[in-house]
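Q: sequence unknown, structure follows:
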């Protein structure tokens with residue numbers, strides 16, 4: 001059962017970010033269309049980056065007992081999509097929060 005732990009941790013973390021976003025209306029709950037579009041573009045860009053990196057032999061999957069083992073492309077695990085979503089969503093929330101703080105000052 002440990003092979004789903006990483007994906008579970010990513011989903012819980014994304015849920016935590018969404019909870020903060022809902023509470024403070026920073027991105028998704030303030031401007032849903034704009035946020036979803038931003039996340040889709042960023043995740044697609046980073047997935048393309050991953051595909052180029054794996055094609056060049058730079059990126060590869062390590063042996064980890066906490067991964068699901070499901071691949072969406074050669075050397076690109078399912079968890080990568082959720083990791084990139086987490087990374088992008090977190091960055092967007094921080095960017096918007098700091099912008100609000102700067103506007104308020």
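A: In hand now; what should we look at? Model, not experiment: these values are computed from the prediction. Numbers count the residues shown, from 1 in each chain.
Q: Now the residue nearest the centre of the chain: closest residue in space that isn't a chain neighbour?
A: The centroid of the chain falls nearest to residue 85 when counting by CA atoms, centre = their mean (1.7 Å). Excluding its sequence neighbours, the residue lying closest to residue 85 (CB to CB, 6 or more residues apart in numbering) is residue 43, at 5.6 Å. From N, CA and C alone the C-beta is placed, and that goes for glycine too.
Q: burial of the one you found, as a residue count?
A: Per other CB atoms under 10 Å, the neighbour tally for residue 43 reads 20.
Q: contacting residues for it?
A: Applying CB atoms under 8 Å, 6 or more residues apart in numbering to residue 43 gives the contacts 81, 84, 85, 88.
Q: Would you confirm that the third one belongs to a helix?
A: Yes. Using DSSP: H, G, I helix; E, B strand; the rest coil, the secondary structure at residue 85 is a helix.
Q: Report the contact partners of it.
A: 14, 39, 43 are the contacts of residue 85 under CB under 8 Å, 6+ apart.
Q: buried ones in the helix or strand containing the first one?
A: The one in question is residue 14. Using DSSP states H and E, residue 14 sits within helix 5-24. The neighbour-count check on helix 5-24 (16 or more other CB atoms under 10 Å) flags 6, 7, 10, 13, 14, 17, 21 as buried.
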